[in-house]
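> Fold the following and give me the result.
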Amino acid sequence: MKAPEQYYGTGKRKTSIARVYVRPGNGQILVNKKSLDDYFGQEAHRVLVRQPLVLTENSERFNIKVNVRGGGTSGQAGAIRHGISRALSLLPQENIRAILKKAGLLTRDAREVERKKYGQPGARKRFQYSKR
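Below is the predicted model of the structure:
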């Protein structure tokens, strides 16, 4: 049985969900039909997305197509990184999964926004105390 031509991974971070498709290619990354550089304005977000590829030395071997929804740019970048890591972990090459796991890229970042409590201005902030 031959290896599949495409690998899929779902990544999540905060309220963002990314569907990631990894195919053999020349290193092109498309996010919602735009290039990575056009979609993310900040260099930090672009570095975050490329991190699993750089760690596993697969930057120029695969084309990546991403559909991402929800949240802001930071959450979306984290979701894409998680999805790419999951898709790369399915590759038949040995030790890729171990490298990603050691770097902590296969673990879903479970931190969510804490809800606002009633009678207060925010999740943790309290109204100013007035003695008189």
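
> what does stretch 88-96 contact?
Stretch 88-96 is contacted from outside by 3, 7-9, 22, 52-53, 56, 58, 97, 100-101, 106, using Cβ atoms under 8 Å, 6 or more residues apart in numbering. From N, CA and C alone the C-beta is placed, and that goes for glycine too.

> now, which of those lie within helices?
With DSSP state H as the criterion, helices contain 52-53, 97, 100-101 from among the contacts of stretch 88-96.

> Could you list the alpha-carbon positions for the longest helix seen in the chain in CSV?
Criterion DSSP H: the longest helix present in the chain is helix 73-88. Extracted as CSV, the C-alpha positions of helix 73-88 are listed here (Å, rounded to 0.1, in the frame of the first residue of the first chain):
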residue,chain,number,x,y,z
THR,A,73,-4.7,36.6,14.7
SER,A,74,-2.8,35.3,17.6
GLY,A,75,-5.2,32.5,18.3
GLN,A,76,-5.4,31.7,14.5
ALA,A,77,-1.6,31.5,14.3
GLY,A,78,-1.5,29.1,17.3
ALA,A,79,-4.3,27.0,15.8
ILE,A,80,-2.5,26.7,12.5
ARG,A,81,0.7,25.7,14.2
HIS,A,82,-1.2,23.0,16.1
GLY,A,83,-2.8,21.7,12.9
ILE,A,84,0.5,21.6,11.0
SER,A,85,2.1,19.7,13.9
ARG,A,86,-0.7,17.1,13.9
ALA,A,87,-0.6,16.6,10.2
LEU,A,88,3.2,16.2,10.2
